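> Need a 3D model of the sequence below.
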Amino acid sequence: MTRTRYQLSDVGGALSWSSLHSFLINIGGDSALARDLDKSTGWDQTIKTNAILADIYDLLQIIRAEIVALGGTKPRKIKPYPRPGADEDKKRKLGKGAMPLTELRKWIKERQEHG
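Numbers count the residues shown, from 1 in each chain. Model prediction:
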């Protein structure tokens with residue numbers, strides 16, 4: 001209701017029930033109500049749109065590379081459009097190899113003592 005000058009307490013008075021119905025039917029997909037009602041996807045509308053556009057971009061680059069390859073030129077390697085979090089996942093390393101058993105036991109003991 002922040003988009004109007006009305007509040008829910010105005011329903012039935014200054015704001016008619018039909019006006020409230022019209023407002024709710026035409027509310028945008030980026031509203032809190034739409035996000036709350038659409039729990040099936042778990043994606044915000046903007047995120048969905050951006051992901052779809054990035055996929056389309058990647059496909060167009062692949063098609064372009066295939067067309068270039070038809071001319072006898074070796075196509076360059078296609079890099080996917082950058083997506084949020086993709087680079088961070090590649091950079092994240094957990095450890096650098098196997099931990100000696102004595103260190104592992106010491107680590108477990110420390111965790112048990114600290115709760």
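
> Let me know the helix or strand that the most centrally placed residue in the chain is in.
Centroid-nearest residue in the chain, with C-alpha atoms, centre = their mean: Ile47, separated by 4.8 Å. Using DSSP states H and E, Ile47 maps to helix 45-70.

> any idea how the chain splits into domains?
1-40, 43-85 (automatic domain parsing).

> Just send those domains back as JSON lines, with mean pLDDT and distance to Lys106 too.
Bear in mind the C-beta positions are built from the backbone N, C-alpha and C, glycine included. What follows is the domains of the chain, written out as JSON lines (pLDDT from 0 to 100; distance: least, C-beta to C-beta, whole Å):
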{"stretch": "domain 1-40", "mean pLDDT": "76", "distance to Lys106": "45"}
{"stretch": "domain 43-85", "mean pLDDT": "84", "distance to Lys106": "34"}
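
> Including distance to Glu110, could those go into CSV?
Shown next, in CSV, are the domains of the chain (distance: least, C-beta to C-beta, whole Å):
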stretch, distance to Glu110
domain 1-40, 41
domain 43-85, 31
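
> How about the secondary structure of Lys77?
coil (DSSP: H, G, I helix; E, B strand; the rest coil).

> rounded to a whole number, what's the mean pLDDT of stretch 98-105?
Average pLDDT, stretch 98-105: 86.

> thinking again about what came up before, what residues of the helix holding Ile47 count as buried?
For helix 45-70, burial by neighbour count (16 or more other C-beta atoms under 10 Å) applies to 54, 61.

> cool, stretch 14-32 as well?
For stretch 14-32, by 16+ other C-beta under 10 Å, it's 15, 20.
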